[in-house]
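J.: what's the 3D shape of this:
(3 chains)
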Amino acid sequence: MVRHVDVPGVGDPRRFGYAQAVTAGGLLYISGQLGIDEDYQPVSDSFDEQAYRALENVRRVLSAAGGGFEHLVSMTIYLTDMRTAPRFFEIRREILGDTLVSSTAVAVSGLPLPNLQVEVQCVALAPSHPAA
Amino acid sequence: MVRHVDVPGVGDPRRFGYAQAVTAGGLLYISGQLGIDEDYQPVSDSFDEQAYRALENVRRVLSAAGGGFEHLVSMTIYLTDMRTAPRFFEIRREILGDTLVSSTAVAVSGLPLPNLQVEVQCVALAPSHPAA
Amino acid sequence: MVRHVDVPGVGDPRRFGYAQAVTAGGLLYISGQLGIDEDYQPVSDSFDEQAYRALENVRRVLSAAGGGFEHLVSMTIYLTDMRTAPRFFEIRREILGDTLVSSTAVAVSGLPLPNLQVEVQCVALAPSHPAA
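T.: This next block holds a predicted model:
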C-alpha cells in the first residue's frame, strides 16, 4: 500500500489527515478533486474554470503516481446543480480524449468550500501496472 | 484494462464520453444505472419501475462483461427521497436473491434527468475471474 | 469473494439484504457506516458521538475481516451539513492516527435514518493480504 501525499501543484492534505491518493490492490484511489489551487483556494466562481482545474488536479495526482488519464477507471461527479452536467461531460471529453471511464453523476447539497460547484472522485489503475 | 461500451439494451455512452463499465485490477466498475431505456428516456414516473429497470440495466452490463449478479461486490444507492429506501431494499432482495452486496444509501438533491428517483453505482468482481 | 455478514457489535444487515463488507480482488468493500448501534438505533443526536460511533463501526467491520485501520484505503464522507466537515476531520485524525486515506466529502440531503448527520463509506485492503 502506497499513500501519495506529496503532489506538486496540489494542496498538502496532511493537515486534514488524508492523502491525495492511495495505491492498493493494483488500483489507485484518488481523493475528491475540486477547482482549488495548492492553497485550497477556489480558482474561480466560473463552473468551467472549476471543472478544468478539478480535472487538472486529477492529472497531477495521476502524474505524481507515475501515470496519466489513460489509467483512469471510474469517475464519480458531484455537482451542486445538475444542469451543469452536460457542460462537464463536454469538458471531460475535451480533456480525456478517447479515454472512456465508468461514470456516475449526482447533484449534492454542498461541497467542501462555499461556491464550489463540482467535485470529481476517481479510481485509476495503479500506474506501476501495465495500462494494457 | 477493458472499457465496455457496447451493452445490448443499455444506452450508448460514447456520446457522453464514458463507458458503461471498465474492468481493471480484477474488478468491474459499472457506471451509475438509472431507470432509463437505451435511448436515455425514463421508463416511468413510478419509483418501482425505475428501480427494477436500474437493476435490470446493471444485469445487462454484467452480462455484457460475461457475468451476473453473483459477481456484485458493492452498491451505492442515490435516492431523491430517503423514504423510498425500504422499498428499494425489498426490490433489490427480490432481484438479487441470496447475493449480499456491501451497500451505502444516501439521499441526493438531483439525478441526471428530471423525475428520476434512483441511481445505483456498482462494483463487481471482473467476471473473467472465478467468482469463488 | 467473501461476504462478511456477522460483525460483532454491528447490526445484522441480512434483513435489509446486504453484507457489512465484501472482499473481492484483494480489496474489502465496507458498507456505509453510521452512528447507530447493533439494533440500528442512532446512538445520539450529537454529531461527535455519531462520528465516533461510525468510525468505531468501521473498526469493528475491519476487525471482523481480520484487519484494522491501517488497511483503510479510501473514505467517502456524506454529511448532512458541510459545516461539520472540519470537526469530522479532527475526529478522524484522532482515531486513525498516522493512517492517511484517500478522502472525499460531500453534503447530502438525507441519510438512512432521521437525525443522522454523517455516513462513511470505506474501501480497505483485504486483510488477508500483507498491509505492506
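J.: so which residues on chain A come close to chain C?
T.: Residues of chain A lying close to chain C (Cβ under 8 Å from any Cβ of the partner chain) are A:1, A:3, A:5, A:13-14, A:16-22, A:24-27, A:29-32, A:76, A:78, A:108-112, A:119, A:121. Bear in mind the C-beta positions are built from the backbone N, C-alpha and C, glycine included.
J.: so of those, which ones are in strands?
T.: A:3, A:18-19, A:21-22, A:24, A:27, A:29-32, A:76, A:78, A:119, A:121 (DSSP state E).
J.: show me what the mean pLDDT comes to for the top helix by length along chain A.
T.: Determined from DSSP state H, the single longest helix within chain A is helix A:47-64. Across helix A:47-64, pLDDT averages out at 98.
J.: quick check: buried residues in that helix?
T.: Buried positions in helix A:47-64, judged by neighbour count with 16 or more other Cβ atoms under 10 Å in any protein chain shown: A:47-48, A:50-64.
J.: and stretch A:110-125, by the same measure?
T.: Neighbour-count burial for stretch A:110-125 flags A:110-112, A:116-125 (criterion: 16+ other Cβ under 10 Å).
J.: now, which of the ones in strands among the residues of chain A next to chain C lie close to chain B?
T.: A:27, A:76.
J.: let me know the closest of the ones in strands among the residues of chain A next to chain C to A:F69.
T.: Closest approach to A:F69 among these (Cβ to Cβ): A:I30, at 11.7 Å.
J.: wait, that closest one touches A:L62, no?
T.: Yes - judged on Cβ atoms under 8 Å, A:I30 makes contact with A:L62 at a distance of 7.5 Å.
J.: are any of the residues of chain A next to chain C buried, and if so which?
T.: Here, 16+ other Cβ under 10 Å leaves A:1, A:3, A:13, A:16-22, A:24-27, A:29-32, A:76, A:78, A:108-112, A:119, A:121 buried among those.
J.: show me the contacts for A:S103.
T.: A:S103 makes contact with A:74-77, B:13, B:16-19, B:31-32, according to Cβ atoms under 8 Å, 6 or more residues apart in numbering or on different chains.
J.: the lowest-mean-pLDDT helix or strand in chain A pairs with which strands, parallel or anti?
T.: None of the helices or strands of chain A scores lower by mean pLDDT, DSSP states H and E than strand A:2-4, at a mean of 94. Strand A:2-4 has its sheet partners listed here by DSSP bridges as strand A:21-24 (antiparallel).
J.: tell me the average confidence for the strand it pairs with?
T.: For strand A:21-24, the per-residue pLDDT averages 97.
J.: again with stretch A:107-116
T.: Averaged across stretch A:107-116, pLDDT comes to 96.
J.: let me know whether that stretch sits next to chain B.
T.: Yes - using Cβ under 8 Å from any Cβ, we find that stretch A:107-116 touches chain B at A:107-109.
J.: which other residues reach that stretch?
T.: Contacts to stretch A:107-116, defined as Cβ under 8 Å, 6+ apart, come from residues A:32, A:34-36, A:40, A:42, A:45, A:50, A:78-82, A:117-119, B:108-111, C:79, C:81-82, C:85, C:105-109.
J.: quick check on A:G67: phi, psi?
T.: Main-chain dihedrals, A:G67, degrees, to the nearest 10: phi -130, psi -160.
J.: the nearest residue to it once chain neighbours are set aside: neighbour count?
T.: Spatial nearest neighbour of A:G67, chain neighbours left out: A:P127 (3.0 Å); criterion: Cβ to Cβ, 6 or more residues apart in numbering or on different chains. Counted with other Cβ atoms under 10 Å in any protein chain shown, the neighbours of A:P127 add up to 18.
J.: what distance do you get for A:P127 to A:R3?
T.: For A:P127, the distance to A:R3 equals 15 Å [Cβ to Cβ, to the nearest Å].
J.: spit out the contact partners of A:F16.
T.: Contacts of A:F16 (Cβ under 8 Å, 6+ apart): C:89, C:93, C:103.
J.: what do you get if the cut-off is 6 Å, keeping everything else the same?
T.: C:F89 (Cβ atoms under 6 Å, 6 or more residues apart in numbering or on different chains).
J.: pLDDT score for it?
T.: pLDDT recorded at A:F16 is 90.
J.: send the alpha carbons of stretch A:59-73 over as PDB?
T.: C-alpha atoms of stretch A:59-73 as PDB (Å, rounded to 0.1, in the frame of the first residue of the first chain):
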ATOM      1  CA  ARG A  59      -3.900  14.700 -13.800                       C
ATOM      2  CA  ARG A  60      -1.400  16.000 -11.300                       C
ATOM      3  CA  VAL A  61      -2.200  13.300  -8.800                       C
ATOM      4  CA  LEU A  62      -2.000  10.600 -11.600                       C
ATOM      5  CA  SER A  63       1.300  12.100 -12.700                       C
ATOM      6  CA  ALA A  64       2.700  12.000  -9.100                       C
ATOM      7  CA  ALA A  65       1.800   8.400  -9.000                       C
ATOM      8  CA  GLY A  66       3.600   7.700 -12.300                       C
ATOM      9  CA  GLY A  67       0.600   7.700 -14.600                       C
ATOM     10  CA  GLY A  68      -1.900   9.700 -16.700                       C
ATOM     11  CA  PHE A  69      -5.500   9.900 -17.800                       C
ATOM     12  CA  GLU A  70      -5.200   6.600 -19.700                       C
ATOM     13  CA  HIS A  71      -5.100   4.900 -16.300                       C
ATOM     14  CA  LEU A  72      -8.500   6.300 -15.200                       C
ATOM     15  CA  VAL A  73     -11.100   3.600 -14.400                       C
END
